Structure formats: structure tokens, C-alpha cells
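# Provide a 3D model corresponding to the input given below.
(one chain, ligands or ions: 1)
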Amino acid sequence: MLLRTRLTSIVAGVSILLAGCAANTAQSPSATTVATPTPGSMMADDSVYSPTGREGGHMMSPVDSTGVPAAPADAKGAQLLSPRLDGDTKVFDLTAKPIRWPLGQGVVATAWTYNGTVPGPLIRVTEGDKLRVVLKNELPEQTTIHWHGMEVPIEMDGVPDMPTPAIKPGETFTYEFVAKPAGTFWYHSHVDGDRQVSIGLFAPIIVDPKTPAGPRPDVDKIIMLNEWRVVGNQTVPAMPMTGMDANFFAINGKIFPDTETISVKLGQRVRLRFVGAGQLVHPMHLHGMPFKIVATDGHPVPETAQLTKDTVAVAPGERYDVEFVATERGQWMLHCHVLHHTTNDGAEPGGLMMIVNVT
Ligand SMILES: [Cu+2]
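Down below sits the predicted model:
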């Protein structure tokens, strides 16, 4: 989600380049091409959305709730999606669609989702698997999927027109690639990310190693962190910008005390896979027992380099896999240490908190 920064620096670089070439009026065609924002990106001309221009128009407008169906009250995000087999290819069907999503505590957000949940469904495969993901776009706007951190061909990378065009409303696109490398990854929209990702178009993908280094952990949990702005019945994409600040903070699409409780038996080994799916940094702190950081951004950390920590700062886009052995009985808090993020619309306790219950 560094597209804006990247494009800004590219544009800045190109401006300097062009200024330097002022005496020579023949501009390099390639430089002009690079400076052109991709359609649907944050650099694009948003006048197509709003006659008043970009920041004051489309970016800040509430999400349209008209006719959006409600998810079941007990709906959960990041649930395992079973593939169907086509020969030796694992096929996953996704539909991008709006849903009224229960964040918890009676707060309902208008979300854009994969298959109607926040986060979208978990895709879990083994390194080397042939993967096909069929995405139907039932959103009112174009979209794509970017396979964040995975090594996919450029045609599958999900940045609009670089080189594959975005998927228009009503259209379907098939992503096809071999799952690599092993690790914790996530997938998300790469169109109008400031809005589309902020309102729910994100989900986990885990690639298990072909040859595991050791036994699997007894408990293995994904913890996707993001932020919401819900005022009354209206959802506005939360972004770090005055007037757009988040007032709800969610773990796997839920706010405390409606976040999941992780149940662990004494002596079990627990793996938590943190994913920074929002736009803020969340230093996640576990009470009672220290943990080791065993993988960063999906890639294993050699044992001799594994830091023992009780807090890990999860920045936007990052993943941290941490592991600990449950040595102490009790209901231990796991929470963000930006303490405003443990509130629901300003009231504590709430937000990015969950309980690890060791029995
Ligand atoms: Cu936080």
C-alpha cells in the first residue's frame, strides 16, 4: 500500500528530470509514461467520481449503503475457504461485494468484502501448489487483487494497467499462479486502496512449507488489524487524515469485547500471525508470557536471530509470526499499546483487545 508514496516520489523524480531537460524540449517518452498515474490509483483524477475534485469528493464521501444486504450477526472473517480441484489446480471462487458488516457491540459498518466477510476468506495452500482464483466483481466500481508479498507473474500482480486492466463492475477475472514462497501473506484490492482496502477488501493467504521445519503449532491464529470510521449509520473510509480518523479498531473485523478468545491448553505452542491491514501502526502486546518473532513478512527468521519480545509493532502491510509456549494459566490480554486503539468510539475497553485463555 505504498503506491501513493511510490508514485509521488516517481512524479517528483520525473519533475526534476524534466526540469533538468528544460533546455532540451524533446522529452523522453518513457519518462512521460512513468509519470502517468494508473487508472484507479490514488494518483488518478478523481473528478470522474466527484465534480468538486479528489480529496474533497470521492475519497471522503460515505460508503453507499443503499440496498446493501446485512451479513448474519454471527458471521466471522478469515475463515478457511475450501478449493475445488481442476486436475491438479486448486480453484478458489471469490466475489467482491458490499455487505453490512457487524463490527460488534451493535456497530455495523458498510463494508466492501470478498465473499461477504471482513476479513475475506482464508486461502491456505502448500508451497508449489497451482492456484487459480476466480474473482467476480459485484462492486459498483472497478477493482483488482494484489497478492501482497507473494511472488507472482507481473500480469497477476493486481496493479491496474501494469499491465493487466482492472476488473470492471459485473466482470470476472481469473488469477493463476504457483504458490510461493511459503509464509503468511495477504491479498487486497489495489484500486483506490485508500477507500477499498480501508472498508474491507483484504484477506489472509497462508502458504505452508512443502517440507515443514518442525511440528505445526498446536494453536495457529491469524490476527488482521484494521481501522474503521462509523458515525451513526454512515461508514467513511478511515484514513490518517483530519476528519477521517478511525473511531473503531478491529481484530479480524471485530471490536473488543466481540473479538475472538483464543483458547489454549497449558503447555501448548501458539503461533499468532499478525497482519497490518489498515493504515496505522499497532504495537501488539501480550501479557503473561514473552514470545519469539519466528517470521517477518512471511519469511522465517533463523533461530539464532529470533528476538524474544512482549510487544511487536505491526506497521501497515507488515506481517509478524510470533510463537510462545503457554506456560501460565489465566485469561491473558493481547492488545494494542496505542491505548486509544483499545477504545470503541472513545470508550474503553474496546478495539484492538483479545483474550488468550490458558487452561
Ligand atoms: Cu493500535
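
# can you give the domain ranges for this structure?
What automatic domain parsing lists as the domains of the chain is 84-208, 219-358.

# same list, those domains, but as CSV with distance to residue 77 please.
The way it works is simple: take the backbone N, C-alpha and C, and place the C-beta from them, glycine included. Formatted as CSV, the domains of the chain follow (distance: least, CB to CB, whole Å):
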stretch, distance to residue 77
domain 84-208, 4
domain 219-358, 4
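
# redo those as CSV? Include mean neighbour count, distance to the ion and mean pLDDT.
Shown next, in CSV, are the domains of the chain (neighbours: other CB atoms under 10 Å; distance: least, CB to the ion, whole Å; pLDDT from 0 to 100):
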stretch, mean neighbour count, distance to the ion, mean pLDDT
domain 84-208, 20, 15, 98
domain 219-358, 18, 3, 97
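
# now the residue lying closest to residue 155 once chain neighbours are set aside. Its backbone dihedrals?
In space, and not counting its chain neighbours, residue 155 is closest to residue 164: 5.2 Å by CB to CB, 6 or more residues apart in numbering. Main-chain torsions, residue 164, degrees, to the nearest 10: phi -80, psi 130.

# and residue 164, how far is that from residue 185?
With distances taken as CB to CB, to the nearest Å, residue 164 is found 19 Å from residue 185.

# for the residue nearest to residue 155, give me its contacts.
For residue 164, the residues meeting the contact criterion (CB atoms under 8 Å, 6 or more residues apart in numbering) are 144, 155, 156, 157, 158, 173.

# quick one: secondary structure of the second one?
Here residue 155 is helix, with the state taken from DSSP: H, G, I helix; E, B strand; the rest coil.

# could you measure from it over to residue 172?
Separation of residue 155 from residue 172 (CB to CB): 16 Å.

# do the fifth one as well
Noted for residue 158: a distance of 15 Å to residue 172, by CB to CB.

# please apply the same query to the first one.
According to CB to CB, residue 144 stands 12 Å off from residue 172.

# and for residue 298?
From residue 298 across to residue 172, the span is 28 Å (CB to CB).

# now do the buried residues in stretch 73-84.
By 16 or more other CB atoms under 10 Å, the buried positions in stretch 73-84 come out as 75, 77, 78, 81, 83.

# need the contact partners of it.
90-93, 101-102, 115-125, 203-204, 222, 224, 252-254, 260.

# the residues you listed in helices, which ones?
Here DSSP state H is the test, and the contacts of stretch 73-84 give no hits in helices at all.

# now the helices for the stretch 151-300 of the chain?
193-196 (DSSP state H, counting those that start in this stretch).

# which parts of it are strands?
Counting by DSSP state E, counting those that start in this stretch, the stretch 151-300 of the chain has strands at residues 172-178, 183-188, 202-208, 219-231, 234-236, 248-251, 262-264, 269-276, 282-286, 291-296, 299-300.

# please apply the same query to the stretch 1-150 of the chain.
In the stretch 1-150 of the chain, the strands defined using DSSP E, counting those that start in this stretch lie at 84-86, 89-104, 107-114, 123-126, 130-137, 146-148.

# got the angle between the second one and strand 130-137?
If I follow you right, that is strand 89-104. 50 degrees (axes from the mean of the first three to the mean of the last three CA atoms, to 10 degrees).

# gap between strand 89-104 and the chain center?
Taking CA atoms, centre = their mean, to the nearest Å, one finds the center of strand 89-104 at 13 Å from the center of the full chain.

# just checking, what packs against it?
strand 84-86, strand 107-114, strand 130-137 (3 or more CB pairs under 8 Å, 6 or more residues apart in numbering; DSSP states H and E).

# I'd like those as TSV, with distance to residue 337 appended.
Converted to TSV, the helices and strands packed on strand 89-104 look like this (distance: least, CB to CB, whole Å):
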stretch	distance to residue 337
strand 84-86	43
strand 107-114	23
strand 130-137	36
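
# of all those, which one is nearest residue 196?
strand 107-114 (5.9 Å; CB to CB).

# got the CA coordinates for that closest one in CSV?
These are the backbone C-alpha positions of strand 107-114, laid out as CSV (Å, rounded to 0.1, in the frame of the first residue of the first chain):
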residue,chain,number,x,y,z
VAL,A,107,-21.9,-1.2,15.4
VAL,A,108,-22.5,-2.0,11.8
ALA,A,109,-20.2,-0.9,9.0
THR,A,110,-20.9,-0.8,5.3
ALA,A,111,-18.0,-2.8,4.0
TRP,A,112,-16.7,-4.0,0.6
THR,A,113,-15.7,-7.6,1.0
TYR,A,114,-14.5,-10.8,-0.5
